[in-house]
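Dropping the sequence and predicted coords here.
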There are 2 protein chains.
Amino acid sequence: MHNFTFQNPTKIAFGRGVISGLGKEAARYGRKALFVCGGASIKANGVYDACMKSLAAAGVSVIEHGGVKPNPALAHARAGAALAKKHGADLVIAAGGGSSIDAAKAIAAGAKYSGDLWDFYTYKAPIQEALPLLTVLTLAATGSEMNCGSVITNEETRQKFAAGGPPLFPKTSFLDPEATYTVPPAQTAYGAVDAVSHLVETYFTTPEKSVNLQLELAEAVTRNIISSSAAALKNPRGYDARAEMMWCCTLALNGILPAGLGETSFINHGIEHSLSAIYDIPHGAGLAIVTPAWFEWKRARGLEPRLARFAREVFRVNEPQDSKAAIICVDRFRQWCAGMGVPVRLSQLNIPSEGIPEIAANAMGLFKLWGIEGYSQKNIEEILTLAK
Amino acid sequence: MHNFTFQNPTKIAFGRGVISGLGKEAARYGRKALFVCGGASIKANGVYDACMKSLAAAGVSVIEHGGVKPNPALAHARAGAALAKKHGADLVIAAGGGSSIDAAKAIAAGAKYSGDLWDFYTYKAPIQEALPLLTVLTLAATGSEMNCGSVITNEETRQKFAAGGPPLFPKTSFLDPEATYTVPPAQTAYGAVDAVSHLVETYFTTPEKSVNLQLELAEAVTRNIISSSAAALKNPRGYDARAEMMWCCTLALNGILPAGLGETSFINHGIEHSLSAIYDIPHGAGLAIVTPAWFEWKRARGLEPRLARFAREVFRVNEPQDSKAAIICVDRFRQWCAGMGVPVRLSQLNIPSEGIPEIAANAMGLFKLWGIEGYSQKNIEEILTLAK
C-alpha cells in the first residue's frame, strides 16, 4: 500500500427535495450569487425554479450566467469571472452537470485572481483562493460535485486542460436523483461510461503492487454503475436506479477509491481530452472509444492480470486463464458501451484515420503537462489506430 | 435509497513515516498542545519520540496528559479539560488507539465549555465548539481518527455513553501502519471485531429497502478486515496487512458506508457499552459476545435474508437456502472471533447469568438516550441469554 493523503471537505445533501435547502446553505457564504448553468433543461425540469425559490426565500440575490456547453469553453468562463468581479458576487452556484460545475469552478477561482484564469489550466499559477462554490447536480457522470478538479477547453488553441486545488472543493453539493429523471438516454449512457472511466484510470494505471481492498471497492462501484445505468435507461423515472447511479458517480471520483494505490495517470482522459478538443465530441463517447483501445494496446504490456481480474469481478466472466479473460474483458467493455448506444470506434463519429497524428500530438502536450511518462507520440497513434 | 447528508473534513496522512509531519500540521493550529496518550506502549515503540521530535522542531510546546485507559474514564477526561484550560492549550493531540482519541475529543470539547463535559454525553448540551484536534493512531479499530464521535465511561454511575458533533472531527489524523507493529495479538483481534461490528450495525440494522452498492462496499471492507487481520496476526510486522487493516477500520466508521441506508441503530454497541461499563471488559470482546447473540435473536425477526447474504458474500458460504445460510452465518461469525482467541460467551469472561438483568437495565437507559426503539428490557435479556 502506497502512502497517501486524503481530504474531501465537501458536504453532500442527497435525496428527494434537497434542493429546497440551497438558499439556507448559500446564505452562509454570502448574499449575491453568480448562478452558472447550461441551457433549457434545468428550466424545463423544475430545477431552476426550485433553486430560485430557495435562494429568494433566503435573501440571496442572483446574477445569472447561463449558456455553459458540454466541454465548457474558456471564453465563457472568462466572461463569468468578469461578471462575478463586476457585480461583486460573493459566491458561485452551479446548477447542471459536470460542465456547469467545471465552468463554475473556473469562474470561482478566476474571480479571485488578477490574471487570466487560463493560467491555472496551463499550470502557470496555482489556485490559491476561490469564491465559495455550491452545486446542484442534474447529471450523474463526472464527480465534479465532490472533487476539486475542473476541465476547460480553450477553443482557440484546441486545448482541453484540467486544473485543481483545495479551494475548488464545493462547500455543499445538492444531489437530488429526481433532477436526473429527464436526462436523455445518450447522456445517461455517457455519464455511466465517464464514471467507469474514472475508476479505470485508477484501477489499471497504478503499479502492480496494490491493495485488494481498494480494488474490491472499485469493482463494487463499477458493477453498480453498470447495473444502475441499465435500470435507469430502462426506466428513466425509477428513483432507486437514478439514486444509485448518482451516488456511484460521485464516489468514482471523490478520492476515496485511489487511496493507497499510488500515482494515478489519467492516460485515457489525456487522449480523450485531445479527441474532444479537436472534434468536440461528448466526453463519454471519447472515453468509450479510447479506453478499450488502450486496454488492447496495454494488454501485452503488463495489464493482462488486472484485465483478467476486471473481467471476472465486474463482467462475471468465468474464464480461469488470464490470457483469455483479458481479451474477453476488452470485448465486454466495448459491448457494454455499444449496448447503450455509445460509439466505440472513431469511424462511428466520422473521425478519419488521417486525423490520428494530430490527436496524438495534442495528447503528447497534455501528457507532458500532467507528467505522464512512458508514452511516445507513436504509442498514442498505435492506441488510436486500435480505436479506428 | 434514503436521503442522507454526508460530510467528513478530516485530513488523513497515511503511510510510512507520516508522523514526522505532525509538528508542521500542529503549528497551523497553535503553539501549545495538550498531548493525550495512554501508557507505556507509545514510549516503547518510538511513536512518542517521533511526535515530540516533530512538535519541537515546529515550535509547538507540549503539556502531557497520559494515563488514558481502555474504556476511557470521565474523571481522567475532566482532569484533561481542566489542564487544558489551566495552561491555555490551543490544540489537543491524541496519540494512541480509540481510547486516547475519544478521551482527547472529550477534553477538546470540555476545554471550550464552562460546564461539566459529561453534559455532552447525557445530551444535556450539544458540542458547539472544541479545541482543534490532531491524532496519531497506533491501533486499527475504532475509526475515531476519522469521525466526530467519542465514547466515555462514567465509572461512578457505570454509564458508557457517547457524544459527538462536527467540532470533534480531527483536523488531521496520522496513520502510520508501522506504529501498529507492536500491537499484541489480543488487541489486534479486538480491533478487527470492533471494526466489523461497526459495519454490522449499519448493514443489519437499517430497513430492508436498501441499496446494493452500499451493501457491497460494506461486504468488501468486511472481507478485507477479516483477511488483513488474519495476516497481521500471522506476521505482526507485515506492512501491507497492517496498512490494509488500518485503512479498513477507518473506512468502517467514517460515514461513507451507511450513506443512503437510512437510520442506523447501534444496538449491539448499546448492549456492549453496558456490559463493559459494568464489567470493564475489552470493547471488542463484548461485541464478539453480543453481536452473534443478537443475530440469533433477530434471525427469526426479519434478519434471515440479510444474514444469508452476509454468509455468502463475506464468509463465502455456498448455501442457496436463506434459512440454512442465516444459521451458518451466526456460527461462522462466532468461529471467526473464537479463531482469533476472542471470547464469544459471557461465561468465558466469568460474567454470571445472574448479572443479565442488570446489564439489560443499563442498556435500556442507553437505548432510551439514543432513541433506539422496539426493544424491551426482556428482549435484551433474551439476547444476553443467547450469549451465556
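Done, it's in. Numbering: from 1, shown residues only, chains lettered A, B, ... in the order given.

Correct me if wrong: residue A:220 contacts residue B:220.
Yes - assessed by CB atoms under 8 Å, residue A:220 is found in contact with residue B:220 at 5.5 Å. In short, each C-beta sits where N, CA and C put it, glycine included.

Remind me which helix or strand the residue nearest to residue A:167 when sequence neighbours are not counted belongs to.
Excluding the flanking residues, the one nearest residue A:167 by CB to CB, 6 or more residues apart in numbering or on different chains is residue A:130, at 3.9 Å. For residue A:130, there is no host helix or strand (DSSP states H and E).

Contacts only, for residue A:130.
With CB atoms under 8 Å, 6 or more residues apart in numbering or on different chains as the criterion, the residues that contact residue A:130 are A:105, A:108-109, A:111-112, A:167-168.

Go again with 6 Å.
Contacts for residue A:130 (CB atoms under 6 Å, 6 or more residues apart in numbering or on different chains) come out as A:108-109, A:112, A:167-168.

so which of those residues comes closest to residue B:60?
Of all the contacts of residue A:130, residue B:60 sits closest to residue A:167, with 26.2 Å by CB to CB.

how near is the residue nearest to residue A:167 to residue B:230?
46 Å (CB to CB, to the nearest Å).

May I ask which helix or strand encompasses the spatially most central residue of chain A?
The structure's chain A has its C-alpha centroid closest to residue A:142; by CA atoms, centre = their mean the separation is 2.6 Å. Under DSSP H and E, no helix or strand contains residue A:142.

what helix or strand is the nearest residue to residue A:107 once chain neighbours are set aside on?
What sits nearest to residue A:107 in space, not counting adjacent residues and going by CB to CB, 6+ apart, is residue A:80, at 3.8 Å. Using DSSP H and E, the element containing residue A:80 is helix A:74-87.

can you give me how far that helix is from the chain middle?
Relative to the centre of its chain, helix A:74-87 is centred 22 Å away, using CA atoms, centre = their mean, to the nearest Å.

is any part of the longest strand along chain A close to chain B?
Ranked by residue count under DSSP state E, the longest strand found in chain A is strand A:4-14. Yes - Strand A:4-14 comes into contact with chain B (CB under 6 Å from any CB of the partner chain), by way of A:4-7, A:9, A:11-14.

Pull the most distant pair out of those.
A:4 and A:13 (27.1 Å).

More neighbours: which of those two?
residue A:13 (23 against 19; other CB atoms under 10 Å in any protein chain shown).

which ones are touching residue A:121?
Contacts of residue A:121 by CB under 6 Å, 6+ apart are A:152, A:161, A:163.

pLDDT-wise, what's the bottom of these?
Ranked by pLDDT, those bottom out at residue A:161 (93).

And what about that residue, helix, strand or coil?
strand (DSSP: H, G, I helix; E, B strand; the rest coil).

Tell me, how many residues neighbour it?
22.

who's in contact with it?
So residue A:161 contacts residue A:121 (CB under 6 Å, 6+ apart).

again with residue A:381
Each residue near residue A:381 by CB under 6 Å, 6+ apart is listed here: A:356, A:360.

Secondary structure element for it, which one?
helix A:377-385.

go on, residue A:387?
Counting by DSSP H and E, residue A:387 is part of no helix or strand.

ok, and the closest non-adjacent residue to it?
residue A:293 is the one closest to residue A:387 (CB to CB, 6+ apart), at 3.7 Å.

And that neighbour, how far from chain B?
29 Å (CB to the nearest CB, to the nearest Å).

and that residue, that's in a helix?
Yes - assessed with three-state DSSP, residue A:293 lies in a helix.

my guess is residue A:330 contacts residue A:297, does it?
No - the pair residue A:330 / residue A:297 is not scored as a contact, 10.0 Å apart, by CB atoms under 6 Å.

Tell me which residues touch the residue nearest to residue A:387, please.
A:383, A:386-387 are the contacts of residue A:293 under CB under 6 Å, 6+ apart.

if you set the cut-off to 8 Å instead, what comes out?
Contacts for residue A:293 (CB under 8 Å, 6+ apart) come out as A:383-384, A:386-387.

in its sheet, what does whichever strand or helix holds residue A:135 sit against?
Using DSSP H and E, residue A:135 falls within strand A:133-137. Strand pairing for strand A:133-137, determined by DSSP bridges: strand A:91-96 (parallel), strand A:172-175 (parallel).

Dump those strands to CSV, plus mean pLDDT.
As requested, the strands paired with strand A:133-137 are exported to CSV (pLDDT from 0 to 100):
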stretch, mean pLDDT
strand A:91-96, 98
strand A:172-175, 98
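
and residue A:330 and residue A:297? which has more neighbours close in?
A count of neighbours by other CB under 10 Å puts residue A:330 above the other of residue A:330 and residue A:297, at 22 against 19.

Give me the below-cutoff pLDDT ranges for the stretch 101-250 of chain A.
Along the stretch 101-250 of chain A, segments meeting pLDDT under 70 span A:207-209.

If we use 50, what do you get?
For the stretch 101-250 of chain A, no stretch is flagged by pLDDT under 50.

residue boundaries of the strands in chain A?
With DSSP E as the criterion, chain A has strands spanning A:4-14, A:32-37, A:61-65, A:91-96, A:133-137, A:149-154, A:159-164, A:172-175.

Tell me how many other residues surround residue A:245.
Neighbour tally, residue A:245, other CB under 10 Å: 31.

residues touching it, list them.
Counted by CB under 8 Å, 6+ apart, residue A:245 has contacts A:140, A:177, A:180, A:188, A:191-192, A:225, A:228-229, A:232.

Kindly report the residues of the stretch 1-150 of chain A close to chain B.
Contact residues, the stretch 1-150 of chain A versus chain B (CB under 8 Å from any CB of the partner chain): A:1-18.

Just the buried residues of these.
Buried residues within the residues of the stretch 1-150 of chain A next to chain B, counting neighbours by 16 or more other CB atoms under 10 Å in any protein chain shown: A:1-4, A:6-15, A:18.

from these, which is closest to residue B:53?
Nearest to residue B:53 among these, with distances taken as CB to CB, is residue A:3, at 19.2 Å.

now the closest one: how far from residue A:172?
In terms of CB to CB, residue A:3 sits 30 Å off from residue A:172.

With residue A:85 instead?
To residue A:172, residue A:85 is 23 Å away according to CB to CB.

Could you check which of the two has the larger neighbour count?
residue A:172 (24 against 16).

could you list every residue that touches the residue nearest to that one when sequence neighbours are not counted?
Once flanking residues are discounted, residue A:172 sits nearest to residue A:11: 4.4 Å by CB to CB, 6+ apart. By CB under 8 Å, 6+ apart, the contact list for residue A:11 reads A:171-173, B:5-7.
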